[in-house]
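Trainee: Generate a structure from the sequence data that follows.
(chains A and B)
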Amino acid sequence: MATALLRRAISRVPALSPAIFSRAHASAAEAQQVEPKAKSTTTPKTFQIYRWNPNSPQKPELQNYEIDLKECGPMILDALIKIKNEMDPTLTFRRSCREGICGSCAMNIDGRNGLACLTKISSGGPTMVTPLPHMFVIKDLVVDMTNFYNQYKSIEPWLKRKSEPSSPGKEILQSKEDRKKLDGMYECILCACCSTSCPSYWWNPKSYLGPAALLHANRWIMDSRDEYTKERLDAVNDEFKLYRCHTILNCAKACPKGLNPGMQIQNIKKLELTS
Amino acid sequence: MKKKIQPKMNILRPLSPHLPIYKPQLTSTFPISHRISGAFLATILFFFYLLCLKIGLICFTYENVCQLIFYSSKLILISVEITALALSYHIYNGVRHLLTDFSGFGRKRWK
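Mentor: Now for the predicted structure:
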């Protein structure tokens, strides 16, 4: 029931866009659009990209851009850079490594969160590119991540010890089994795809820590070298910080690195039961 | 919901679209329909409580009460079938949820 309503809402958005959403840079985009249609061997692809300029009083809107897939790389980031270089230099987005390790280009592509540099352009109908859901937009596809980073800082993501290390001045040793416990958590690149895909995080962004911060909380709880385990568990053991998670598991679906924050949160909840 | 950034710019930032654009997935539709079916069943149970339990379960021996419930449920088109669907979905999803939540207890991942 809910699925059908949402699907109809999604299909309605592109249909309404030509009628209601106006084009800000109509002349430049239209002039560019004449060229691809004149050629015969082009594969045109339309992108509907969320635009909002803080300096102009207009409301946010979806702007259409048409590019030729034959002259573009396979990933969404390639298309965005091509649009910025050739068609509209005012398009604003974050990007850095272009290989899926920095997490800067996290955005919502066709309704799913992911990294633009790792998401292939799908052939066929128009692709909708919007910023990460339920975040304050600074400009176009750039969102305000301060709340997200503050939540990461609040779980104190560093090694804390009470006692001296066994050999002072040298590394604190860890067995291979203990190191294996950190697999699936240390690979997190803090792209915020998971937290911004969680409906529980949408409705309580300030009080619920979100899957990313909780995954890192579990990473430090499970680290055998860290000696503040009980304090870390007590810090998260809050009605809102941890237990807003209802195992919706949208986070595991959205993670571009294939991690499962939902499983890590369940691990924290299990540890809370016994401690 | 908007947020002020600097007094001199005086621009309120918009919130990026969430519910209207996010693609509904299996992981997200299961919990929300569990909640909706649960709320639906809770209201039915609540009215059942108000109606029947306050009067006393003896009322079901009275023929007109059974007729009243039967015909008033027929006022809404397929209400009995929808209630049955909600109940069965809620139970199946609840059992699935419990199984997936407690599936990790056998492994040695605890600290």
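
Trainee: Give me the most central residue, chain B.
Mentor: Closest to where the C-alpha atoms of chain B average out (CA atoms, centre = their mean) is B:Ile36, at 2.1 Å.

Trainee: and that one, which of the three is it?
Mentor: helix (DSSP: H, G, I helix; E, B strand; the rest coil).

Trainee: do the same with A:Lys45
Mentor: Under three-state DSSP, A:Lys45 comes out as strand.

Trainee: Grab the nearest non-local neighbour of it.
Mentor: Nearest in space to A:Lys45, with sequence neighbours left out and distances taken as CB to CB, 6 or more residues apart in numbering or on different chains, is A:Leu69 at 5.0 Å. From N, CA and C alone the C-beta is placed, and that goes for glycine too.

Trainee: can you check A:His216 too?
Mentor: Per CB to CB, 6+ apart, closest to A:His216 is A:Pro157, 5.2 Å.

Trainee: Tell me how many other residues surround that neighbour.
Mentor: A:Pro157: 13 surrounding residues under other CB atoms under 10 Å in any protein chain shown.

Trainee: and it, how far is that from A:Pro131?
Mentor: Using CB to CB, to the nearest Å, we find A:Pro157 at a distance of 25 Å from A:Pro131.

Trainee: now swap in A:Leu173 and tell me
Mentor: 44 Å.

Trainee: between the two, who's got more neighbours?
Mentor: A count of neighbours by other CB under 10 Å puts A:Pro131 above the other of A:Leu173 and A:Pro131, at 29 against 11.

Trainee: who are the neighbours in contact with the more buried one?
Mentor: A:Tyr50, A:Met107, A:Asn108, A:Val137, A:Asp140, A:Leu141, A:Val142, A:Val143, B:Ser16 (CB atoms under 8 Å, 6 or more residues apart in numbering or on different chains).

Trainee: So for the helix or strand encompassing B:Arg96, mean pLDDT?
Mentor: If you go by DSSP states H and E, B:Arg96 is part of helix B:79-101. What helix B:79-101 shows for mean pLDDT is 92.

Trainee: now stretch B:44-61
Mentor: The model assigns stretch B:44-61 a mean pLDDT of 82.

Trainee: for that stretch, which positions count as buried?
Mentor: Across stretch B:44-61, burial judged by 16 or more other CB atoms under 10 Å in any protein chain shown covers B:Cys59.

Trainee: try stretch A:93-107
Mentor: For stretch A:93-107, a neighbour-count test (16+ other CB under 10 Å) marks A:Phe93, A:Arg94, A:Arg95, A:Arg98, A:Gly100, A:Cys102, A:Gly103, A:Ser104, A:Cys105, A:Ala106, A:Met107 as buried.

Trainee: which ones among those are found in strands?
Mentor: Judged by DSSP state E, the subset of the buried residues of stretch A:93-107 located in strands is A:Ala106, A:Met107.

Trainee: how about the buried residues of stretch A:93-107, which pair is most distant?
Mentor: Farthest pair in the buried residues of stretch A:93-107 (CB to CB) is A:Phe93 and A:Gly100. Separation: 15.4 Å.

Trainee: mind listing what the one residue in the stretch 151-275 of chain A that gets nearest to chain B touches?
Mentor: Of all residues in the stretch 151-275 of chain A, A:Leu249 sits closest to chain B, at 4.3 Å by CB to the nearest CB. A:Leu249 is in contact with A:Gly262, B:Thr27, counting by CB under 8 Å, 6+ apart.

Trainee: do the same with A:Lys162
Mentor: Counted by CB under 8 Å, 6+ apart, A:Lys162 has contacts A:Glu227, A:Tyr228.

Trainee: How confident was the prediction at it?
Mentor: Each residue has a pLDDT score; the one for A:Lys162 is 90.

Trainee: Could you measure from the residue in chain B positioned nearest to chain A over to A:Asp140?
Mentor: Nearest residue of chain B to chain A: B:Lys23, at 3.0 Å (CB to the nearest CB). B:Lys23 sits 21 Å away from A:Asp140, taking CB to CB as the criterion.

Trainee: likewise A:Arg244?
Mentor: Distance, A:Arg244 to A:Asp140, by CB to CB: 30 Å.

Trainee: Pretty sure A:Ala217 is one of the things A:Met185 touches, is it not?
Mentor: No - using CB atoms under 8 Å, A:Met185 is not in contact with A:Ala217, being 9.6 Å away.

Trainee: And these two? Which one has more around it.
Mentor: Between A:Met185 and A:Ala217, counted using other CB under 10 Å, A:Ala217 has the larger neighbour count: 27 against 22.

Trainee: what's the burial count for the nearest residue to A:Gly100 once chain neighbours are set aside?
Mentor: Spatial nearest neighbour of A:Gly100, excluding adjacent residues (CB to CB, 6+ apart): A:Leu118 at 4.3 Å. Neighbour count of A:Leu118, defined by other CB under 10 Å: 17.

Trainee: Kindly report the same for the one 5 residues further on.
Mentor: Around A:Ser123 sit 9 other residues, with neighbours defined as other CB under 10 Å.

Trainee: Next one: it relative to chain B, how far apart?
Mentor: From A:Ser123 over to chain B the distance is 18 Å, taken as CB to the nearest CB, to the nearest Å.

Trainee: wait, the residue nearest to A:Gly100 sits on A:Asp78?
Mentor: No - counting by CB under 8 Å, A:Leu118 sits too far from A:Asp78 to count as a contact (11.4 Å).
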